[in-house]
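1. quick one, what's the 3D model for this:
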Amino acid sequence: MRVLLLLFLLTGCHAFSPAPPPATMLPQTFRTEAGSHEMADQWWRDLQSPELNSLMDEAFRSAPDMRTALARLEQARATAEKTGSALWPSLDGSADAVKSWVKPDAANLVESEAYGLGLAASYELDLWGRVRALRQADLSEVQASAFDLRTIALSLSGEIAEAWISLCSAREQLAVLDAQQRTNSDILSTLELRFANSLASALDVLQQREAIAETATRISPLQAEVTRLENRLNLLAGNAPGTLDFSAATHLPEALPLPATGLPADLLRDRPDIRASWQRLLEAGWNLAAAEADRMPALRLTGKFEQNGDELNRIFDNWLANLAASLTAPILDGGSRRAEVKRQEAIRDERLASYEKTVFTALSEVDTGVNTILKQIELLDALAMQHDAAQAALGSARIRYQYGVVTYDTALSLLLKLQQLDRTAIQARASLLISQTGLCRALGKGWRSAFPLTSSNSKPELP
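-> Numbering: from 1, shown residues only. The predicted structure is shown next:
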């Protein structure tokens, strides 16, 4: 009766729970708006490359980084399941059999047998919510690990797209260099013919040969870059070097449409790294609540049921059962539990600072990405104007050279400048595409197609 009265009094105990984290102040809008196009989650399909689309699908299925994140998610789920098992009573069974021999001096041998079966149960009443808090902390870690997996999918899509764009850029530059070498060789043949007819100097021929050699020095590094990028793409997809065929990646695609950036608050929903950081902040709060509950008394119930006998058929004739309740409370622990509370408070403060940094980093990436894209578009326009001017100047210089008005140095320098502008334009277009892929990643595009949320509410769900 006294035990029941004690249980009745303790059931009114208040379970510890974490305080809500403070809200992070966000700007109402971004400083610069890129465009109005509503970008799809699989934004890379706008690049119109079936090869890139299949590469993305394969990477989401079998990339080593994805498999690593999946394994970590399973670890977190198992840990949460293990912690939650403490909310249920434990029951252990036992069975034993003993046979003994005794031979007194000058007496017959005496044999005896004993058999027993038993059940032992134990259960801790979670009066202060310690076990529930630990379980909630582990569940938050499961959610965080799920969003870590989506963050890797987000990063992987951007890395593959950047490497593929760089591969297209390198191959297009090689094609331009090959065409420029043919042009330079044709000019050299013309100069040699003019030199044979005393219409050009030996210096003109030597300068053109030097231009051909200078152009050739640019080919080998680009060829090495092509091999490196192919290996990079194979590695990102989880393959050995040379496994995949990238022969279709020869030309840069058209630039993506400028996406609408939306509102800064949208990043809290669309960026999986922000949601993972938020879940770890919640986890720290629950761990703090568990540390505070651990300083309170604990009530444990134990029960035992035993049956024994000296013969197997009589084992159920004799039984013993007992039920006990014990209340334990910390008195002296050298300040260990108080120190654990302080440690968990510091961890919560650390997670809060980390969460705010993650949010501000996302805002910075979007703002920087928009500004970079707009400036890169201005650069491409300026390069196009410079290219037209250089081409007109080269045409004029060639005519004046044929009439002996200017030396070949003038025509050659304009030719080399025009060829460099052709290669620079390719690099600038690739930089624009890479900046656009970076903005898509900064906006949180590219993970829902692989690991969508199972509901539309604000609470993160597992994949």
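
2. can you tell me the element the spatially most central residue of the chain falls in?
-> Nearest residue to the geometric centre of the chain (C-alpha atoms, centre = their mean): residue 152, 2.2 Å. Here residue 152, judged by DSSP states H and E, is contained in helix 130-196.

3. list the contacts of the helix or strand that comes right after that helix.
-> Later in the chain than helix 130-196, the nearest helix or strand by DSSP H and E is helix 202-216. Contact with helix 202-216 is made by 177, 180-181, 184-185, 187-188, 191-192, 194-195, 408-409, 412, 415-416, 419, as judged by C-beta atoms under 8 Å, 6 or more residues apart in numbering. In short, each C-beta sits where N, CA and C put it, glycine included.

4. ok, now with 7 Å
-> Contact with helix 202-216 is made by 177, 180-181, 184-185, 187-188, 191-192, 195, 408, 412, 416, as judged by C-beta atoms under 7 Å, 6 or more residues apart in numbering.

5. how about stretch 221-228?
-> 167, 170, 171, 173, 174.

6. identify the residues contacting the second one.
-> Going back to what we said before, that points to residue 170. Applying C-beta under 7 Å, 6+ apart, the residues near residue 170 are 222, 225, 226, 229.

7. quick one on the thing from earlier: filter the contacts of stretch 221-228 down to just the buried residues.
-> The neighbour-count criterion (16 or more other C-beta atoms under 10 Å) marks 167, 170, 171, 173, 174 among these as buried.

8. will you turn those into CSV that also has distance to residue 364?
-> Below are the buried ones among the contacts of stretch 221-228 laid out as CSV (distance: C-beta to C-beta, whole Å):
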residue, distance to residue 364
167, 29
170, 30
171, 33
173, 32
174, 36
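
9. before we move on, what SS does residue 116 have?
-> strand (DSSP: H, G, I helix; E, B strand; the rest coil).

10. quick check: closest non-adjacent residue to it.
-> Excluding its sequence neighbours, the residue lying closest to residue 116 (C-beta to C-beta, 6 or more residues apart in numbering) is residue 308, at 3.9 Å.

11. that neighbour should be in a strand, yeah?
-> Yes: when three-state DSSP is applied, residue 308 is found to be in a strand.

12. on that earlier part again, may I see the PyMOL selection of the buried members of the contacts of helix 202-216?
-> Command for PyMOL that selects the buried part of the contacts of helix 202-216, burial taken from 16+ other C-beta under 10 Å:
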select buried, resi 177+180+181+184+187+188+191+408+412+416
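
13. can I get the contacts of helix 202-216 in TSV with pLDDT and distance to residue 25?
-> Listed next are those as TSV, based on pLDDT from 0 to 100; distance: C-beta to C-beta, whole Å:
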residue	pLDDT	distance to residue 25
177	95	52
180	93	55
181	93	58
184	92	60
185	92	64
187	91	64
188	92	66
191	90	69
192	90	72
195	89	74
408	87	65
412	90	60
416	92	54
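
14. and which of the contacts of helix 202-216 is nearest to residue 22?
-> residue 177 (57.2 Å; C-beta to C-beta).

15. doesn't residue 220 make contact with the closest one?
-> No: Residue 177 lies out of contact with residue 220 (C-beta atoms under 7 Å); the separation is 10.5 Å.

16. counting by contacts, list what the one helix or strand residue 74 maps to packs against.
-> Assigned by DSSP H and E, residue 74 belongs to helix 64-84. Here helix 64-84 touches helix 130-196, going by 3 or more C-beta pairs under 7 Å, 6 or more residues apart in numbering; DSSP states H and E.

17. so how far is the helix it packs on from its chain's centroid?
-> The chain centre lies 17 Å from the centre of helix 130-196; the measure is C-alpha atoms, centre = their mean, to the nearest Å.
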